[in-house]
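Participant: One predicted model, sequence on top.
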Amino acid sequence: MLRGPLGNSKYRPRFSGHDTFPFRYQWLTKLSFFLKNNGPKKVKEFEQNKLDNIVNFGMGLNMVKSMRFWGISTKVCNSNFELTDFGKQIFSTEKSLDPYLEDVSTLWLLHWALVSNPDLTTWYYAFNYFDSVSFDREKLTNDIASVSKFSKWTGANINTIKRDVDCFIRTYTVSTKKGEITEDSLECPLAELNLILSEGSKNYFEFQRGPKSSLSLDVFEYALHDYWNKKNETSEILTFEKIMYDFGSPGKVFLLDEKSLDFYLESLESKKNAIFRFAKGAGGLKQIQKVNNLQDKDLLKKCYIRKVA
């Protein structure tokens with residue numbers, strides 16, 4: 001039996017909505033500015049495909065549908081096309097934390113939003129369940145198809161899953177032509193995170209587990225706090241194993257190894273106004289204790305302290 005969120009009998013998979021497009025540079029900026037600067041009437045027209053999309057966004061209808069999908073999936077806006085606090089803080093105005101997606105911290109936060117919850121089945125499965133380090137499209141597609149058949153998911157035919165897997169791979173990899181990076185190589189900004197790399201073939205890939213030099217301690221702290229809240233833990237302690245190996249955990253989502261996770265957890269305690277303490281319990285059991293609390297908006301602001309100091 002499949003464990004975790006995807007094994008829940010009430011789980012409903014999702015393999016479509018992006019119209020095969022990964023989200024592009026400027027999409028979340030354009031969406032946020034539009035939602036911030038227009039009233040309910042125009043937003044409703046946007047939702048109902050009644051706008052001149054070339055005039056408003058410089059793109060066709062299918063791309064606008066995809067942009068809407070990614071706005072919701074990255075938690076920049078909700079399903080009613082209202083900006084979330086996350087979207088407002090980062091994207092909504094010229095004075096927001098990172099309106100033009102120039103800070104790598106934003107990329108890590110968007111990746112966390114996509115992969116730490118099971119809304120997007122392929123994304124969640126690939127980072128939280130898939131046990132292959134090296135893989136091709138066919139391997140990942142067939143694994144998900146087998147899970148779908150076993151779980152008796154409806155509406156998940158092999159062609160739909162195949163298109164979703166292709167979009168997933170293009171979200172995280174750089175496309176090349178004759179071994180060279182082309183002008184359109186970076187379809188999605190998340191490719192900059194180097195979480196998945198091509199292995200000498202456009203159809204063969206490898207997850208990059210281990211240290212993440214561009215993942216700041218502040219972003220890790222934000223993710224750990226968010227993970228703790230999602231788990232609705234009443235205990236003030238979480239074990240190292242849970243943070244490393246649990247579904248939707250920082251260890252899984254950020255593809256960390258144990259040594260890297262150790263580094264982040266030990267470093268948290270040295271932060272000013274630390275909210276976590278790393279300790280060893282009985283028998284040397286590694287664990288994290290929550291000793292303080294901050295609101296999400298304050299933790300998010302700390303991820304950009306260089307810009308707002």
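Facilitator: Arrived safely. Residues are numbered from 1 along each chain as shown.

Participant: Would you quantify the distance from residue 53 to residue 303?
Facilitator: 32 Å (Cβ to Cβ, to the nearest Å). Glycine gets a C-beta too; all of them are placed from N, C-alpha and C.

Participant: Show me which of those two is the more surrounded one.
Facilitator: residue 303 (26 against 18; other Cβ atoms under 10 Å).

Participant: Point to the helix or strand of this structure where mean pLDDT is at its lowest.
Facilitator: In the chain, no helix or strand scores lower on mean pLDDT, DSSP states H and E than strand 180-181, which sits at a mean of 50.

Participant: Which secondary structure elements does whichever helix or strand comes after it sit against?
Facilitator: Proceeding N to C from strand 180-181, the next assigned helix or strand is strand 196-201, under DSSP states H and E. Strand 196-201 sits against strand 204-207, with contacts defined as 3 or more Cβ pairs under 8 Å, 6 or more residues apart in numbering; DSSP states H and E.

Participant: Give the partner strands of the strand it packs on in its sheet and their orientations.
Facilitator: strand 134-136 (antiparallel), strand 196-201 (antiparallel) (DSSP bridges).

Participant: Let me see the mean pLDDT of stretch 103-117.
Facilitator: Averaged across stretch 103-117, the pLDDT comes to 97.

Participant: Could I have the CA atoms of it written out in PDB?
Facilitator: Output of stretch 103-117 as PDB, limited to C-alpha atoms (Å, rounded to 0.1, in the frame of the first residue of the first chain):
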ATOM      1  CA  ASP A 103      17.000  36.700  -6.100                       C
ATOM      2  CA  VAL A 104      17.800  32.900  -6.000                       C
ATOM      3  CA  SER A 105      16.000  32.800  -2.600                       C
ATOM      4  CA  THR A 106      12.700  33.400  -4.500                       C
ATOM      5  CA  LEU A 107      13.400  30.400  -6.700                       C
ATOM      6  CA  TRP A 108      14.000  28.100  -3.700                       C
ATOM      7  CA  LEU A 109      10.800  29.400  -2.100                       C
ATOM      8  CA  LEU A 110       8.800  28.800  -5.300                       C
ATOM      9  CA  HIS A 111      10.200  25.300  -5.500                       C
ATOM     10  CA  TRP A 112       9.300  24.700  -1.900                       C
ATOM     11  CA  ALA A 113       5.700  25.900  -2.600                       C
ATOM     12  CA  LEU A 114       5.400  23.500  -5.500                       C
ATOM     13  CA  VAL A 115       6.900  20.300  -4.100                       C
ATOM     14  CA  SER A 116       6.200  20.400  -0.300                       C
ATOM     15  CA  ASN A 117       2.500  19.800  -0.900                       C
END
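
Participant: Would you mind giving the domain segments of this structure?
Facilitator: If you go by automatic domain parsing, the domain ranges for the chain are 27-100, 117-207, 217-308.

Participant: Report the separation between the two terminal residues of the shortest one.
Facilitator: Read that as domain 27-100. 10 Å (Cα to Cα, to the nearest Å).

Participant: Could you pull out the strands in the chain for me?
Facilitator: 134-136, 176-177, 180-181, 196-201, 204-207, 237-239, 276-280, 286-290 (DSSP state E).
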